[in-house]
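Asker: no sequence for this one, just the structure:
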């Protein structure tokens, strides 16, 4: 499976996404409206991964 990011957004708001899958049998697309919400970063802190 391959994912391709076609758009980088940095404006606040809601964004739709479109999933498309295809193979030798054909293709199918699903669109989701308001699926991604871009907001301001209101929290400051340190991030670390557990190992």
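Answerer: Structure's in. What do you need? Since the structure is predicted, the reported quantities are computational estimates derived from the model, not experimental observations.
Asker: so what's residue 19 bridging to?
Answerer: Beta-bridge partners for residue 19, by DSSP bridges, are residue 30.
Asker: That one and residue 9, how far apart?
Answerer: According to Cβ to Cβ, to the nearest Å, residue 19 and residue 9 sit 17 Å apart. Any C-beta I mention is one placed from the backbone N, CA and C, and that applies to glycine too.
Asker: what about the residue lying closest to residue 32 once chain neighbours are set aside, neighbour count?
Answerer: Residue nearest to residue 32 in three dimensions, not counting chain neighbours: residue 17, with 5.2 Å by Cβ to Cβ, 6 or more residues apart in numbering. Using other Cβ atoms under 10 Å, residue 17 has 12 other residues around it.
Asker: need the contact list for residue 17.
Answerer: 31, 32, 35, 36 (Cβ atoms under 8 Å, 6 or more residues apart in numbering).
Asker: Just the pLDDT for the last one.
Answerer: Read it as residue 36. With respect to pLDDT, residue 36 scores 87.
Asker: which ones are touching it?
Answerer: 9, 14, 15, 16, 17.
Asker: Ranking by neighbours, what's the top pick from these?
Answerer: Counting neighbours by other Cβ under 10 Å, residue 15 leads the contacts of residue 36 with 14 neighbours.
Asker: Please name the bridge partners of that residue.
Answerer: With DSSP bridges as the criterion, residue 15 is bridged to residue 36.
Asker: For residue 46, see how far away it is.
Answerer: Distance check for residue 15 against residue 46: by Cβ to Cβ, it reads 28 Å.
Asker: hmm, back to that, as CSV, the contacts of residue 36 with distance to residue 23 and pLDDT would be great.
Answerer: Formatted as CSV, those follow (distance: Cβ to Cβ, whole Å; pLDDT from 0 to 100):
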residue, distance to residue 23, pLDDT
9, 29, 77
14, 31, 93
15, 27, 90
16, 24, 91
17, 20, 89
